[in-house]
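J.: what follows is a predicted structure for the sequence shown.
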Amino acid sequence: MKVHIDSGRCQGHGRCYDLAPGLFGDDDEGYGQVLGDGVVPPGQERAARLAVANCPERSIDLSEET
Amino acid sequence: MTVDDRFGPDFREPGEDPFPVTRSEIITGPVADWATDFSHLEPEWSADPYPIQDDLRQRCPIAHTGRFGGGWLPTRYADVAAIAYDTERFSSRAIIMSNVRPPRELAPAGGSPPISSDPPFHHHARKLLLPAFTRSAVSRQEPATRAFCHALLDAVQGQDVVDAARDYAQHIPVRVIANMLGFPPEDGPQFREFVADLLEGINLPEEERIERVNRLFDYLVAQVDEHLDRPRDDLTSYLLNADLGGRKLDPDHVVGTMALLLIAGIDTTWSAIGASLWHLAGAPADRARLAAEPGLLPVAMEELLRAYAPVTMARLVTGDLNWRGVDMKADDWILLSFPAANRDPAQFDRAGEVVIDREVNRHAAFGLGIHRCLGSHLARMELRVALEVWLDRIPVFSLADPDAVTWAAGQIRGPRTLPLQIRG
């Protein structure tokens, strides 16, 4: 499972880095950034899904590739 | 050293206005039919707008009014989102629906960048401010905010009834933004007057509105002068030194942005804190659960922001168009109700209820698209700290007199009188 942020849609609401701090961080302007390669480690799948489901701009994708 | 002469005697000198504003007739009084004559300034709306919005969403999802020179009120989430994203057909040149439309020549900057700005200017004006409002930047205000919340509750210790809007919620954002802008904290009461003048005095006679707006700008120019004499590490000095496209900001831009930062953070956060306490005072099960499970607060806060979103914005239609079945005219207002969007059953299960542990909550309380509330991280910090401190010190409270609760009229809605029984 892998997360990806569409930076063209992200507006820096920050829900992803609040809900899944192990997967997302913020840049100097508050926009969301995927930490590392975006591969979701075991045990963080639920946090990843919550981040996707709470993004007001629908800017996060979750792909099932590993 | 070069003298900064941007704010010299020529600045704001009254003269021939090259781009006159458009004025429309002031119409007040009871609304006959909300679908054809809506007004967010009437008492029925401020007392409880949700049944009105729910009814409109069913029978007339893009309502119209002839007041304010003509405007539209979409109540479906999908319509509110589409307008928020469409910055070409819906301009932010004015974001407070009133009887005065600023001249088109004011775009794309608008009077208070970046909230009043359209692309491409908007991007640059916003970029200047974003670093000061990231989650980590605003976390520097958290210890002082927490101490201030405690001090406010210390001051009401021993009372059986506390007005949580007047004596608690309203003071918190005022103090925080005064710190950030570098304004004297004792000027707080004046800021609340400025806010009321701008956001609630919409239907006052024009001369009076102008006089009130001038009072705010006189205050801001005095702060500018004081910061030019004595620069320091705050947002005012930052704006005075900021560089946009290789030169310093126009003086109107500096003062307009200062006005925005001062006004936008006060009523809004005050409303969010007050509405949250109002809900909890009237919902003992939610209150008891939050008091017992402080870890639930971040989730509960989002639900309270969804259900009682304080902020409605406005837009101006840029040209005649048929939009989703209605004929909009150039310069018609759009009342962009994030509160109505947040209660659309097509977007949220149990949309009309507060589900205190709602985990999936894609609400629009801070707007959508390029104008996402710049201060959202600051507002969330203030709301969280205000509720944490209150619930920790006053876990048991209720509405002392539900009929005595009053709500602000206009585009920012929250309790302005909120007597809570905290003992006995």
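T.: Received the coordinates, thanks. Residues are numbered from 1 along each chain as shown, chains lettered A, B, ... in the order given.
J.: output stretch B:28-35 as CSV, nothing but the C-alphas.
T.: What follows is stretch B:28-35, C-alpha atoms only, in CSV (Å, rounded to 0.1, in the frame of the first residue of the first chain):
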residue,chain,number,x,y,z
THR,B,28,-34.1,45.2,5.9
GLY,B,29,-37.0,43.6,7.6
PRO,B,30,-38.6,40.1,7.8
VAL,B,31,-38.0,37.7,5.0
ALA,B,32,-41.1,36.6,3.1
ASP,B,33,-39.7,33.6,1.4
TRP,B,34,-36.1,32.4,2.0
ALA,B,35,-36.0,31.0,-1.6
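J.: residues touching that stretch, excluding its own?
T.: For stretch B:28-35, contacts defined as Cβ atoms under 8 Å, 6 or more residues apart in numbering or on different chains pick out B:37-39, B:41-42, B:44-45, B:52, B:55-56, B:59-60, B:63-64, B:203. Heads up, the C-betas are built off the backbone N, CA and C, glycines and all.
J.: and the longest helix belonging to chain A, how far out from the chain's middle?
T.: Counting by DSSP state H, the longest helix found in chain A is helix A:45-54. Chain-centre distance of helix A:45-54: 8 Å, with Cα atoms, centre = their mean, to the nearest Å.
J.: what is the subsequent helix or strand relative to that helix?
T.: Later in the chain than helix A:45-54, the nearest helix or strand by DSSP states H and E is strand A:60-63.
J.: what about residue B:377, how many residues close to it?
T.: Neighbouring residues of residue B:377 were enumerated by other Cβ atoms under 10 Å in any protein chain shown; the total is 23.
J.: just the element for residue B:32, please.
T.: Using DSSP H and E, residue B:32 falls outside every helix and strand.
J.: return the backbone torsion pair for the residue in the stretch 251-400 of chain B that chain A sits nearest to.
T.: Using Cβ to the nearest Cβ, the closest approach of the stretch 251-400 of chain B to chain A is made by residue B:372 at 4.0 Å. The phi/psi pair for residue B:372 (degrees, to the nearest 10) reads phi -40, psi 130.
J.: which residues touch it?
T.: Contacts of residue B:372 (Cβ under 8 Å, 6+ apart): A:11-13, A:56-57, B:366.
J.: could you pull out the strands for the stretch 101-250 of chain B?
T.: Taking DSSP state E, counting those that start in this stretch, the strands of the stretch 101-250 of chain B run over residues B:161-163, B:243-244, B:247-248.
J.: one more: the stretch 251-400 of chain B?
T.: So, for the stretch 251-400 of chain B - with DSSP E, counting those that start in this stretch - the strands run B:312-317, B:321-323, B:326-328, B:333-337, B:398-399.
J.: ok, and what's touching the longest one?
T.: Counting by Cβ under 8 Å, 6+ apart, strand B:312-317 makes contact with B:40, B:71-72, B:83, B:89-97, B:101, B:328-339, B:367, B:371, B:411-413, all of which sit outside it.
J.: likewise the fourth one?
T.: Defining contact as Cβ under 8 Å, 6+ apart, one finds that strand B:333-337 is touched by B:38, B:40, B:53, B:68-75, B:80, B:83-84, B:90, B:94, B:97, B:312-317, B:411.
J.: tell me which of those residues fall in helices.
T.: B:53, B:80, B:83-84.
J.: compare the contacts of residue B:372 and tell me which is most surrounded.
T.: Counting by other Cβ under 10 Å, top hit in the contacts of residue B:372: residue A:13 with 27 neighbours.
J.: is it true that that residue lies in a strand?
T.: No. Using DSSP: H, G, I helix; E, B strand; the rest coil, the assignment for residue A:13 is coil, not a strand.
J.: noted, bye for now.
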